[in-house]
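K.L.:
the following comprises the amino acid sequence and a computationally predicted model.
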Amino acid sequence: MQRAALAPVSHQPAHAHARIAGGTIIRPLRHGFRHQLPSWRLLSHAPETAVYGGGGARPGHQEAAARPVTLATLRGKHRRGEPITMVTAYDYSSAVHVDAAGIDLILVGDSAAMVAHGHDNTLPISLDLMLEHCRAVVRGAPRPLIVGDLPFGSYESSPAQAVESAVRLAKEGGVDVVKMEGGTPSRVSAAKAIVEAGIAVMGHVGLTPQAISALGGFRAQGKTVDSALKVVEAAIALQDAGCFAVVLECVPAPVAAAATTALQIPTIGIGAGPLCSGQVLVYHDLLGMFQSPAHSKVTPKFCKQFANVGAVISKALTEYREEVEARSFPDAIYTPYKMSSADADAFANVLQRMGFDGPAAAAAAAADNYSEKLAGRKPQEMNTNGVLTAPATV
Ligand SMILES: Nc1nc(=O)c2c([nH]1)NC[C@@H]1CN(c3ccc(C(=O)N[C@@H](CCC(=O)O)C(=O)O)cc3)CN21
Ligand SMILES: CC(C)C(=O)C(=O)O
């Protein structure tokens, strides 16, 4: 599939990895792997209709026509003043939904520690666990650019440690780019080292949740002149280090506006107001996944709930429980595997001859209701042991 857009070769180090080859933008990491390892060719057991495992990238599949988002796509949007969209995802099914919604970027965020694993903050998640989340998301979303979050403890010690961890996210996690928190000189050096290693970096300033200990909680940043200047300066330093974009988290709108105007690269806001180049929200927050009073207390107030998915899930689960308890599920429609009545009779006879009278009677009674001769007809009432209590009526 020939991709149409041709990006100008950038002078910026962060963009250097979007190579041009024969008029086609090659995504060096995730899509590079896909082209080397086409699962539908190498796996003889892959069904013709394979969907899991990246069916979307398969030639001839309708989604193969969709052009994957690249750094060049983002640069184009930013140049034209078009907002950039980003959402977190942590697993295959959420990634499928985010891809289908046409979102530009997926962040496999370390917020997974909280929303997927139930921790109170983002510190506990390991690089190995982040890699599992990244791999699942990559399989679900062939179109968006995928950002892997460097977790706490995986990049602070040295630029070498940062490069090592970023390489693992790209190589083992299959992500396109990485994100790291902070704009102090040591973080800027780490960002520069990762970019020089050939992996594009998204910066993250303002509220950096991995610094919860030093910040004294999930607190908005940049609310005084000094701290506002620090946020903007950190963003500029990250740009100079070669970052292709910067997340601005929990800062007042004037701070975000100043940073967005000062930078040549896009800013992605969360709790930073509308004057950013793009926006990001946590998947579970925007869907309204957590409804309990305890959870709504820790849902940031900047988050709009675009749906009430948690209520839909709770209702469905409750109805399922009630129907199983009432033995109204599964009924005949959801009991699809049929035995011929001849086989069912023979089966009951064999059981009886072996001395299993109870099981023989149960099999015969079930055959009256669920064998092929009555396929699709209404099941009979069962007693509390799950045994049919009346012969089938037509
Ligand atoms: N579900 C979820 N959504 C997020 O946006 C998110 C996470 N988890 N985990 C990682 C970080 C932590 N984030 C947070 C968490 C809490 C507040 C919060 O409670 N903020 C206060 C305001 C604090 C202040 O005024 O200084 C609020 O009431 O919104 C903000 C950002 C954003 N990120
Ligand atoms: C809140 C966003 C920006 C993030 O870093 C995460 O989800 O981990």
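P.N.:
Right, received. Where do you want to start? Ligands and ions are numbered 1, 2, ... in the order given.

K.L.:
is the spatially closest residue to Pro144 that is not a sequence neighbour part of a helix or strand, or is it coil?
P.N.:
Closest residue to Pro144 apart from its sequence neighbours, by Cβ to Cβ, 6 or more residues apart in numbering: Ile106 at 4.7 Å. No exception for glycine: its C-beta is placed from N, CA and C like everyone else's. With DSSP: H, G, I helix; E, B strand; the rest coil as the basis, Ile106 sits in strand.

K.L.:
wait, what's in contact with Ile106?
P.N.:
86-89, 95, 98-99, 137, 141, 144-147 (Cβ atoms under 8 Å, 6 or more residues apart in numbering).

K.L.:
mark which of the residues you listed are part of strands, please.
P.N.:
Among those, the members found in strands (DSSP state E) are 86-88, 145-147.

K.L.:
ChimeraX command to pick out the buried ones of the residues you listed?
P.N.:
Listed next is the ChimeraX selection for buried residues among those, using 16 or more other Cβ atoms under 10 Å:
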select :86,87,88,145,146,147
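
K.L.:
and which of the ones in strands among the contacts of Ile106 is nearest to ligand 1?
P.N.:
Nearest to ligand 1 among these: Thr88, at 8.1 Å, using Cβ to the nearest ligand atom.

K.L.:
per-residue pLDDT, that closest one?
P.N.:
Looking at Thr88, its pLDDT is 98.

K.L.:
which residues does it contact?
P.N.:
So Thr88 contacts 106-109, 111-112, 280-283 (Cβ under 8 Å, 6+ apart).

K.L.:
residue furthest from the geometric center of the protein?
P.N.:
Arg353 (55.9 Å; Cα atoms, centre = their mean).

K.L.:
what separation is there between it and Pro144?
P.N.:
62 Å (Cβ to Cβ, to the nearest Å).

K.L.:
next one: Ala259
P.N.:
Taking Cβ to Cβ, one finds Ala259 at 24 Å from Pro144.

K.L.:
who has more neighbours out of the two?
P.N.:
For Ala259 versus Pro144, neighbours defined as other Cβ atoms under 10 Å are more numerous around Ala259 (29 against 26).

K.L.:
now do the contacts for the more buried one.
P.N.:
Neighbours of Ala259 in contact, by Cβ under 8 Å, 6+ apart: 205, 231-232, 235, 246, 248, 251, 267.

K.L.:
same thing but at 7 Å, please
P.N.:
231-232, 235, 248, 267 (Cβ atoms under 7 Å, 6 or more residues apart in numbering).

K.L.:
kindly report the same for Leu238.
P.N.:
Contacts of Leu238 by Cβ under 7 Å, 6+ apart are 183, 188, 191, 203, 246.

K.L.:
8 Å instead?
P.N.:
By Cβ under 8 Å, 6+ apart, the neighbours of Leu238 are 183, 187-188, 191, 201, 203, 205, 246.

K.L.:
inside helices: which ones of the residues you listed?
P.N.:
187-188, 191 (DSSP state H).

K.L.:
most neighbours out of those, which is it?
P.N.:
Neighbour max across those (other Cβ under 10 Å) = Ala191, 30 neighbours.

K.L.:
and the gap between the residue in the stretch 1-150 of the chain that ligand 1 sits nearest to and Val282?
P.N.:
Relative to ligand 1, the nearest point of the stretch 1-150 of the chain is Ser111 (3.7 Å; Cβ to the nearest ligand atom). Going from Ser111 to Val282 by Cβ to Cβ gives 5 Å.

K.L.:
how near is the residue nearest the centre of the chain to Pro144?
P.N.:
By Cα atoms, centre = their mean, the chain has its centre lying nearest to Ala89, at 2.2 Å. From Ala89 across to Pro144, the span is 9 Å (Cβ to Cβ).

K.L.:
mind listing the shared neighbours of the two?
P.N.:
Taking Cβ under 8 Å, 6+ apart as the contact rule, Ala89 and Pro144 both touch 98, 106.
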